[in-house]
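S.K.: sequence first, predicted coordinates after that:
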Amino acid sequence: MEGAIPGRIIIPASHPSWFSPETGIYSSRHPPRSLPQDPFQDLVSFLFSRPHRGETALVDSLSGISISYPDLLSMVESLASGLHDIGVSPGQVVLVLLPNSVLLPVILLGVLTVGAVITTMNPLSSPNEIKKQTDNLHLALVFSSSEKVGNLGDLGVPVVAVPNNLDYDSTEYPVFHKISSGNRHLAWRPVIRQSDTAAILFSSGTSGSSKGVVLTHRNLIAMVELFVQFEASQYKKKSWEDVYLAAIPMFHVYGLSLFSIGLLSLGSTVVVMRRFDAREATRVINKYRVTHFPVVPPIMVALIRAKDCHGYDLSSLKQASSGAAPLRKQLIQEFLLRFPHVDFIQGYGMTESTAVGTRGFNTETCKNYTSVGLLAPNMEAKVIDWEMGISLPPGKSGELWLRGPAVMKGYLNDVKESESVIDKDGWFKTGDIGYFDQDGYLFILDRLKDTIKYKGFQIAPADLEALLISHAEILDAAVTSAFDEEAGEIPVAFVVRKLGSNLCSNAIMEFVAKQVAPYKKVRRVVFVQSIPRSPAGKILRRVLRSSFGASKM
C-alpha cells in the first residue's frame, strides 16, 4: 500500500454519525476535550495546576513509605534546582535507567522542569544495548540503580546512583542526595514551549530496528487530558479516592504515561511494586485497598492462577485494564469468571501515539470485553485497505491510521522513516490490522509490522538478526514470533549455518543471551537452508511463521 492515496468509498446512506463515508474518517464518540492553547504551557506546570483533593501520591508497596502531593511538588522542585546547579540545561538528554520506584516520577518530572529531555530504558538492558541506543542522544546525565553504575562507564557521562526507596543513607548516595536537596525556592524555570521535546522513548516502530520516538510537551499534555483525565470522567466518583497498583514497568510508555505522569493529575494514589509477584500483588491489593489494576497479559495469567488469591480479600478491586499486547478471548473469560465484580477493559495505544488511541468503555447495556475500546476524545482514525489504498467502512478490516494531538513529532534523526509513517495530513500509519464495529468499538486482528511482543515488551527482529549474523558460523538469519501461552509471543530464530558448521541451538541461544536484556533472548532456533525474501530483499516473516510448525528444531 506504500504510495497509495486513500480514496473515497461508497457505503449505504445509513451510517453512524461518527464515521464519514466522504472522507473515510472515524471520529471519537466521546465529546472533544479542551487542550491548553498557550504555546508556552509545559507539562509539569500543567500537571500540578490540575485541581484535586488527593493526599497521598505515591506509596512503596514493600516498606509502606509514601510521598504526599505537597511533598511531591517540593521534591520535584528541589531536584530540578539541584539539576540546574550541576549544569543540566534545556534540551539536554537525561537517561533514566531504573526499575519501578516511588522516586522515578520525581526524577522524570524534575528533569522536565528544567527543560531537559527524558529517555528511559529497561534497567535489565545489557551495557552494549544501552551504549547502542544512546549513542546519538548526546547524554548529559544518567540516573541508575547502584548495582548498574559500574557497567555504565563507557557512556562517558556522570552516572547518579539512585536509592531503592526514600529511607536511604545519604552517605551511601551522596550525589543523588545533593541533587535532590536543591533549594526549591531558587529553582530556575526556563521558557518551555509545548512544541519542545520532552521525551525520547524507544519503539520498534512499524518495522526494522529500534527507533527513538520524539514526544513533545504537547503530546504528553494531550495524553494526560485525553487518556487519564478523560477516563476518570467516565466514572461518577472522586478520582482522588482511587488507588492504583503500579506493577507494569514505569519506564515503558504505558506505565510512564499512567504512573509517572497522568494519574498524578487526578490526585489518585499510586502504590508502586518494585517487581511483580502474584502472591505479593494480592497482598498489596488487600492491604492498600487497591481499586484499579492496569495489567499486561502475563500479569493477568499470573493473577488468574494465583491459588485462591492466597486468602487475601480483593473486593476493593473495581477495574482491571489491559494493554501493551493482544489478549486471547479464553484468557478474558477466565479472568471474568475469577473476578466477576471487576470491570474489565482493554486499551490500545503506541509509543508513537503517547499511549493514546482507544480505551474500553463498558456500560450497563453494552459490555464489550474483547474490543480495545472506543476512540479517545480528539482522536481520529482511518481503516485502509493495504493493497488498494482505499478507506474502509465499519466491519471491514485494514491497516489502522491515527491522527490527533498525541501523535509523536517523529523519529529521532530519521526524516525518511518519519515521513513514511506520518503523511502530510498528519495520519500515523500504525502497522496494525483492525476494524471498527457498528458501535464504534475497535478490534485489533493482526500486525503488518514485524515487532514481537514478549510479555508486553517490544522486540525488534532486526536487532536480533544483526546480532545473529555477527556470529562467525552463521551465514544468514531471520527472527520472527511464535505464539506462547504465557508470554504471548516469543522470538524464534531461523538460522542458515555456514558450510561445515555443527553449531547447535543451545549455543546460538547462549550467544544471544549474553548480549541482550533477558526479555530479548531467542527462545527457539530453527535451522533452514535459506531465508525467504521478497524481490526487494525483505525477509518474508509470514512465510517463516506459516512454516514454523513443520520446521525441525
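M.R.: Alright, I've got the coordinates. Numbers count the residues shown, from 1 in each chain.
S.K.: per-residue confidence at the residue nearest to the spatial centre of the chain?
M.R.: The residue at the geometric middle of the chain, judged as the C-alpha nearest the mean C-alpha position with Cα atoms, centre = their mean, is residue 253 (2.9 Å). At residue 253, the model reports a pLDDT of 92.
S.K.: check residue 227 too.
M.R.: Reading off the per-residue confidence, residue 227 sits at a pLDDT of 81.
S.K.: and it, backbone torsions?
M.R.: As for residue 227, its main-chain torsions (degrees, to the nearest 10) stand at phi -100, psi -60.
S.K.: nearest spatial neighbour of it, chain-adjacent residues omitted?
M.R.: Across the structure, with Cβ to Cβ, 6 or more residues apart in numbering as the measure, the residue nearest residue 227 apart from its sequence neighbours is residue 356 (5.0 Å). Where C-beta positions appear, they are placed from N, C-alpha and C, glycine not excepted.
S.K.: just confirm that neighbour is within a strand.
M.R.: No: counting by DSSP: H, G, I helix; E, B strand; the rest coil, one finds residue 356 to be coil, located in no strand.
S.K.: what strands line up against the host helix or strand of residue 402, and which way round?
M.R.: The secondary structure element spanning residue 402 is strand 398-403 (assigned by DSSP states H and E). The partner list of strand 398-403 in its sheet, established with DSSP bridges, is strand 380-384 (antiparallel), strand 428-436 (antiparallel).
S.K.: ok now it, how far from the chain's centre?
M.R.: Relative to the mean C-alpha coordinate of its chain, strand 398-403 is positioned 18 Å out (Cα atoms, centre = their mean, to the nearest Å).
S.K.: avg pLDDT for stretch 183-199?
M.R.: Confidence over stretch 183-199, taken as the mean pLDDT, stands at 90.
S.K.: so what would you say the end-to-end distance of that stretch is?
M.R.: Taking Cα to Cα, to the nearest Å, the span from the opening residue of stretch 183-199 to its closing residue is 25 Å.
S.K.: so which bits of it are buried?
M.R.: 184, 187, 192, 194, 196, 197, 198, 199 (16 or more other Cβ atoms under 10 Å).
S.K.: now the residues you listed in a markdown table, with secondary structure?
M.R.: Putting these into a markdown table (three-state DSSP) gives the following:
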| residue | secondary structure |
| --- | --- |
| 184 | helix |
| 187 | coil |
| 192 | coil |
| 194 | coil |
| 196 | coil |
| 197 | strand |
| 198 | strand |
| 199 | strand |
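S.K.: looking at those residues, which is nearest residue 248?
M.R.: Of all the buried residues of stretch 183-199, the one sitting nearest residue 248 is residue 199; the distance, using Cβ to Cβ, is 17.5 Å.
S.K.: mind listing the strands for the stretch 101-250 of the chain?
M.R.: Under the criterion DSSP state E, counting those that start in this stretch, the stretch 101-250 of the chain carries strands at the ranges 117-120, 139-145, 159-162, 197-203, 211-216, 243-246.
S.K.: so can I have a markdown table of those strands showing distance to residue 330?
M.R.: What follows is the strands of the stretch 101-250 of the chain, written out as a markdown table (distance: least, Cβ to Cβ, whole Å):
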| stretch | distance to residue 330 |
| --- | --- |
| strand 117-120 | 33 |
| strand 139-145 | 37 |
| strand 159-162 | 41 |
| strand 197-203 | 29 |
| strand 211-216 | 33 |
| strand 243-246 | 24 |
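S.K.: closest to residue 375 out of those?
M.R.: Once Cβ to Cβ is applied to these, the stretch that comes out nearest is strand 211-216, at 19.9 Å.
S.K.: and that closest one with strand 197-203, angle?
M.R.: Angular relation of strand 211-216 and strand 197-203 on a 0 to 180 degree scale: 150 degrees, by axes from the mean of the first three to the mean of the last three Cα atoms, to 10 degrees.
S.K.: please state the offset of strand 211-216 from the chain centre?
M.R.: From the chain centre to the centre of strand 211-216 is a distance of 12 Å (Cα atoms, centre = their mean).
S.K.: check stretch 522-532 too.
M.R.: A distance of 29 Å separates the C-alpha centroid of stretch 522-532 from that of its chain, computed with Cα atoms, centre = their mean.
S.K.: what comes into contact with it?
M.R.: Outside of stretch 522-532, the residues that reach it under the criterion Cβ atoms under 8 Å, 6 or more residues apart in numbering are 464, 468, 476-479, 482, 484, 490-497, 505, 508-509, 512-513, 539-540, 543-544, 548, 551-553.
S.K.: buried residues, the top helix by length along the chain. List them.
M.R.: In the chain, taking DSSP state H as the definition, the longest helix is helix 69-85. Within helix 69-85, the residues that qualify as buried by neighbour count (16+ other Cβ under 10 Å) are 69, 72-73, 75-85.
S.K.: would you mind giving those as TSV with distance to residue 244 and pLDDT added?
M.R.: TSV is the format used below for these (distance: Cβ to Cβ, whole Å; pLDDT from 0 to 100):
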residue	distance to residue 244	pLDDT
69	14	97
72	15	97
73	19	96
75	19	97
76	19	97
77	24	96
78	25	96
79	23	97
80	25	96
81	29	96
82	28	96
83	27	96
84	31	96
85	33	95
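S.K.: list just the nearest of those residues to residue 142.
M.R.: The shortest separation between residue 142 and any of the buried residues of helix 69-85 is 12.7 Å, and it belongs to residue 83 (by Cβ to Cβ).
S.K.: ok, that closest one touching residue 112?
M.R.: No: counting by Cβ atoms under 8 Å, residue 83 sits too far from residue 112 to count as a contact (10.3 Å).
S.K.: any low-confidence regions in the stretch 301-450 of the chain?
M.R.: 307-310 (pLDDT under 70).
S.K.: swap in 90 and give it another go.
M.R.: The stretch 301-450 of the chain contains residues with pLDDT under 90 at 301-314, 323-332, 334, 338, 361-368, 385-389, 397-398, 431-434, 444-450.
S.K.: please enumerate the helices of it.
M.R.: Along the stretch 301-450 of the chain, the segments classed as helices by DSSP state H, counting those that start in this stretch run 329-338, 415-421.
S.K.: coming back round to it: export only the CA atoms of the longest helix of the chain, formatted as CSV.
M.R.: Extracted in CSV, the C-alpha atoms of helix 69-85 (Å, rounded to 0.1, in the frame of the first residue of the first chain):
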residue,chain,number,x,y,z
TYR,A,69,1.0,15.5,47.0
PRO,A,70,2.5,18.6,48.6
ASP,A,71,5.8,16.8,49.2
LEU,A,72,5.8,15.5,45.6
LEU,A,73,5.8,19.1,44.3
SER,A,74,8.5,20.1,46.7
MET,A,75,10.7,17.1,45.8
VAL,A,76,10.3,17.8,42.1
GLU,A,77,11.2,21.5,42.5
SER,A,78,14.2,20.6,44.7
LEU,A,79,15.5,18.0,42.3
ALA,A,80,15.1,20.5,39.4
SER,A,81,17.1,23.1,41.3
GLY,A,82,19.8,20.5,42.0
LEU,A,83,19.9,19.6,38.3
HIS,A,84,20.3,23.2,37.4
ASP,A,85,23.1,23.6,39.9
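S.K.: quick one: strands adjacent to the helix or strand that that helix is followed by?
M.R.: Sequence-wise, the next helix or strand beyond helix 69-85 is strand 93-97, with elements assigned using DSSP H and E. Take DSSP bridges as the rule and strand 93-97 pairs in its sheet with strand 117-120 (parallel), strand 139-145 (parallel).
S.K.: any chance of those in CSV, plus mean neighbour count?
M.R.: As requested, the strands paired with strand 93-97 are exported to CSV (neighbours: other Cβ atoms under 10 Å):
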stretch, mean neighbour count
strand 117-120, 24
strand 139-145, 21
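S.K.: between those, which one is closest to residue 378.
M.R.: That would be strand 117-120 among the strands paired with strand 93-97, by Cβ to Cβ, at 24.1 Å.
S.K.: in the sheet, who's paired with residue 382?
M.R.: As assigned using DSSP bridges, the partners bridged with residue 382 are residue 401.
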